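> Have a look; sequence and predicted model below, questions after that.
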Amino acid sequence: MAATEQQASPDRAHISLSDLTMAYGDFIIQRDLSFDINHEDIFIIMGGSGCGKSTLLKHLIGLMAPVRGDIEYDGVNFWKSSPQEQDKLKHQFGVLFQSGALWSSQTLAENVALSIEEYTDLGKKQISEVVSYKLALVGLAGYEDFYPSEISGGMRKRAGLARAMALDPEILFFDEPSAGLDPISAKRLDELILELRDSLKTTVVVVTHELASIFDIGNNSVFLDAETKTMIATGDPSKLRTDCPEAKVREFLNRGKT
Amino acid sequence: MVAAGDWRLKNNLPDIGGLRAYLSDHSGYQQLGFDTGQLAHWDTGFCTFLLSVIELTKSTGIKVDLSGLPEGVFRLLTLATAVPQVKDTGRQPQATGNLHKIGQATIDFANGIPAAMHFLGEAALAFIQFFKGKAQYKRADLFLIIQEVGPNALPIVTLISFLVGLILAYMGAVQLQQFGAQIFIADLVGIGMVREMAGLMTGIIMAGRSGAAFAAQLGTMQVNEEIDALKTLGISPIEYLVLPRMLALIMMVPLLALYGSIVGMIAGMVIAVSAFDVTVFEYYNQTLRALDMQQFLVGLSKATVYGVLIAYSGCLRGMQSGRSASAVGEATTSAVVTSIVLIVVAASILTIVFQALGI
């Protein structure tokens, strides 16, 4: 639906960060982050616990404003845009939160349908067909009328993905997608992410420290370091694994063995 | 240092004060070694003790030789000292002294005012969007909330209003009877209920019932990242969640107050008829004479204000809630306290204003 509308020249980065500094009050989380996420990348944000991965994600999806620096989407500066333009940019995002963050007072179908109702002119019947299709894609066909509290954690996560995919966003953000999933489900989720990238040309940004996932799906990445409070590597994770000059990154990507 | 016997958490570990006193009396030690040949059982209690010994020796400049310790103890100690203690965690130190706490509370209160004003402005903008017909909310949600705060509150409002009407009637009747003026029970109960009591009681009931519910609902949504999820869709949580709740309370509190005042008057009649020799017909006529449209308008306008205040405090505290179970509890408590305080303050101000205006 929306995928082709605003397609910029493929050689320009899809998301571009420059000199980004993030802080809670006076407490700086990360500083001087500058990197590019290209179109159709599966971009991994990695680093040890507490280094600010999730905070970076919050900045990328417009929930937190940076203290300093810029984030551009296809050349449009998010935090210097008007609220209306920001909303427009946000419509290109799909976000899967760590615990799914489904609206607990609504059924799965209503959860998925909300953004479609708000932002398209589809009729009721069409919407319910789209919703059923999206739920089927994540393996939840037939669960339309269940409430989030009635299904398991893994199912909630998949339903969250169906909701994130509702409007066929140009960029999908995942916060720890495989946390709390069994290995088979995690593997299936990875395959689904790859499939979405290949077929819908979606740019994917994933926060994770699941090594298997990182190497299976990631083709670009950034490594945030908690001690120096900045990024110490960026690039293809399977190359960083052997060639990165920073010992910390190699250690991380090899599970502590250097 | 010789350690012998059992060194376990449940064996009452010795205090380090003895060693400190010994070292301050006997200066000139260069190095501390350990003899653990007699050590029987140990657990992390021993490690904790050793860590404080090492900490102590650091301050006195004595070197520590850990080689005499059992292999396991040595490894656990290195593990605990492997990651240096984080000093700069960005945490404010906890307020200690009473004066410090009072100051901190005052600063927190002052810092809360701009946030509350910001929320008020956002809510006002949402209402403008609503009147323009552009607000993003679900009509079905609005009706559900109306059902929840309106009709579902009828039993408790009935009970409380009936009892308040009863109390008003009894209190007045005993005095009025001395002058043979029992018939004026109708005036007392009618005006009292319609102008003041029904609105006030309904307001307090709704603060405990719906204000608390709103704060808990929104707070839990905050914990589950549900509100973040709305924001990332470009849907304003104020329009989607707060607006229908405010609308529902603003519509329902005056209606409930109107209903409550009628129930209260019926209670007054029951008392007057059964205990004070007034007939139903007399009471009814006297009530009609006492009340006019203006009294009802005064009562309804007050109740509307209470509705706004309850919805405002409930939603404000819910949206401000932190992301933990205890934060939701605090939000709920604070919502009820804030709305009751606001209601009582508003009731006093409005009563004085209406009195001054002669309405």
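Perfect, thanks for sending it.
> use CA for all of it now, contacts and neighbours both
Will do.
> Please, which helix or strand holds the residue most central in space within chain A?
Nearest residue to the geometric centre of chain A (Cα atoms, centre = their mean): A:Phe173, 1.2 Å. In this assignment (DSSP states H and E), A:Phe173 forms part of strand A:171-175.
> Please identify the pairing partners of that strand and their relative orientation?
strand A:93-96 (parallel), strand A:203-207 (parallel) (DSSP bridges).
> Output the ones you listed as JSON lines; include the columns mean neighbour count and mean pLDDT.
Output for the strands paired with strand A:171-175, formatted as JSON lines (neighbours: other Cα atoms under 10 Å in any protein chain shown; pLDDT from 0 to 100):
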{"stretch": "strand A:93-96", "mean neighbour count": "26", "mean pLDDT": "91"}
{"stretch": "strand A:203-207", "mean neighbour count": "25", "mean pLDDT": "93"}
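> Give me the below-cutoff pLDDT ranges for chain B.
B:84-93, B:95 (pLDDT under 70).
> for the residue nearest to the centre of chain A, what are its contacts?
A:Phe173 sits next to A:57, A:61, A:93-96, A:204-207 when contact means Cα atoms under 8 Å, 6 or more residues apart in numbering or on different chains.
> For the stretch 51-200 of chain A, what lies in contact range of chain B?
A:61-63, A:87-88, A:90-91, A:93-95, A:97, A:99, A:101-103, A:115, A:118 (Cα under 8 Å from any Cα of the partner chain).
> Go again with 10 Å.
Proximity of the stretch 51-200 of chain A to chain B, by Cα under 10 Å from any Cα of the partner chain, involves residues A:58, A:61-63, A:83-84, A:86-106, A:114-115, A:118-119, A:160, A:163-164, A:167.
> Just read off the phi/psi values of A:Met64.
A:Met64 adopts backbone torsions of phi -130, psi 140, taken as degrees, to the nearest 10.
> Give the buried residues for stretch A:180-199.
A:186-187, A:189-190, A:193-194, A:196-197 (16 or more other Cα atoms under 10 Å in any protein chain shown).
> Revised request: answer the last question for stretch A:80-100.
Applying 16+ other Cα under 10 Å to stretch A:80-100 flags A:86-87, A:89-100 as buried.
> Quick one: distance of it to the chain centre.
11 Å (Cα atoms, centre = their mean, to the nearest Å).
> Would you mind putting the CA coordinates of it into PDB?
The C-alpha trace of stretch A:80-100 is given here as PDB (Å, rounded to 0.1, in the frame of the first residue of the first chain):
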ATOM      1  CA  LYS A  80      12.800  19.500  13.100                       C
ATOM      2  CA  SER A  81       9.400  18.700  11.400                       C
ATOM      3  CA  SER A  82       6.000  20.000  12.500                       C
ATOM      4  CA  PRO A  83       3.800  17.600  14.600                       C
ATOM      5  CA  GLN A  84       1.700  16.900  11.500                       C
ATOM      6  CA  GLU A  85       4.700  15.900   9.400                       C
ATOM      7  CA  GLN A  86       6.000  13.800  12.300                       C
ATOM      8  CA  ASP A  87       2.700  12.000  12.400                       C
ATOM      9  CA  LYS A  88       3.000  11.400   8.600                       C
ATOM     10  CA  LEU A  89       6.500  10.000   9.100                       C
ATOM     11  CA  LYS A  90       5.200   7.800  11.900                       C
ATOM     12  CA  HIS A  91       2.700   6.200   9.600                       C
ATOM     13  CA  GLN A  92       5.600   4.600   7.700                       C
ATOM     14  CA  PHE A  93       6.700   2.900  10.900                       C
ATOM     15  CA  GLY A  94       5.600  -0.400  12.300                       C
ATOM     16  CA  VAL A  95       6.800  -1.200  15.800                       C
ATOM     17  CA  LEU A  96       6.900  -4.500  17.700                       C
ATOM     18  CA  PHE A  97       7.400  -3.800  21.400                       C
ATOM     19  CA  GLN A  98       9.200  -6.200  23.600                       C
ATOM     20  CA  SER A  99       6.100  -7.600  25.300                       C
ATOM     21  CA  GLY A 100       3.800  -7.000  22.300                       C
END
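> At which residues are the helices of the stretch 101-250 of chain B located?
Ranges of helices within the stretch 101-250 of chain B are B:139-149, B:154-177, B:185-191, B:198-206, B:212-223, B:226-232, B:237, B:243-275, based on DSSP state H, counting those that start in this stretch.
> wait, which of those helices is closest to B:Asn12?
B:Asn12 lies closest, by Cα to Cα, to one member of those: helix B:212-223, at 41.3 Å.
> okay, that closest one in CSV with CA atoms only?
Output in CSV follows, covering the C-alpha atoms of helix B:212-223 (Å, rounded to 0.1, in the frame of the first residue of the first chain):
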residue,chain,number,x,y,z
ALA,B,212,-9.5,5.5,40.4
ALA,B,213,-10.4,3.2,37.6
PHE,B,214,-9.2,5.6,35.0
ALA,B,215,-5.9,6.1,36.7
ALA,B,216,-5.4,2.4,37.1
GLN,B,217,-6.4,1.6,33.5
LEU,B,218,-4.2,4.3,32.0
GLY,B,219,-1.3,3.5,34.4
THR,B,220,-1.4,-0.2,33.4
MET,B,221,-1.5,0.7,29.8
GLN,B,222,1.6,2.8,30.5
VAL,B,223,3.3,-0.2,32.1
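> got the contact list for the closest residue to chain B within the stretch 151-258 of chain A?
The minimum distance from the stretch 151-258 of chain A to chain B, using Cα to the nearest Cα, falls at A:Ala164 (9.1 Å). Residues near A:Ala164 by Cα atoms under 10 Å, 6 or more residues apart in numbering or on different chains: A:93-97, A:100, A:111-112, A:115, A:134, A:158, A:171-174, B:229, B:232-233.
> can you check B:Ala290 too?
B:184, B:186-191.
> Can you tell me which of the residues you listed is nearest B:Leu159?
B:Val189 (16.0 Å).
> hang on, isn't that closest one packed against B:Leu168?
Yes - with contact defined as Cα atoms under 10 Å, B:Val189 reaches B:Leu168; the gap is 6.1 Å.
> higher neighbour count, the two?
Neighbour tally, B:Val189 and B:Leu168, criterion other Cα atoms under 10 Å in any protein chain shown: the higher count belongs to B:Val189, 30 against 23.
> Pull up the gap between that one and B:Gly318, please.
37 Å (Cα to Cα, to the nearest Å).
> One more: B:Glu226?
13 Å.
> shared neighbours of the two, which are they?
Counting by Cα under 10 Å, 6+ apart, the residues touching both B:Glu226 and B:Gly318 are B:218-220.
> Just name the closest of these to A:Asp236, please.
B:Thr220 (38.9 Å).
> buried ones in the one helix or strand B:Ile343 maps to?
Assigning secondary structure by DSSP H and E places B:Ile343 in helix B:325-357. For helix B:325-357, burial by neighbour count (16+ other Cα under 10 Å) applies to B:327-340, B:342-343, B:346-347, B:350-351.
> Serialize the strands paired with strand A:171-175 to TSV and add fields for distance to B:Ser24.
Shown next, in TSV, are the strands paired with strand A:171-175 (distance: least, Cα to Cα, whole Å):
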stretch	distance to B:Ser24
strand A:93-96	60
strand A:203-207	54
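> picking up where we left off before, among the buried residues of stretch A:80-100, which are in strands?
Counted as lying in strands by DSSP state E, out of the buried residues of stretch A:80-100, are A:93-96.
> Pipe these into JSON lines and attach distance to B:Tyr22 per row.
JSON lines is the format used below for those (distance: Cα to Cα, whole Å):
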{"residue": "A:Phe93", "distance to B:Tyr22": "67"}
{"residue": "A:Gly94", "distance to B:Tyr22": "66"}
{"residue": "A:Val95", "distance to B:Tyr22": "62"}
{"residue": "A:Leu96", "distance to B:Tyr22": "61"}
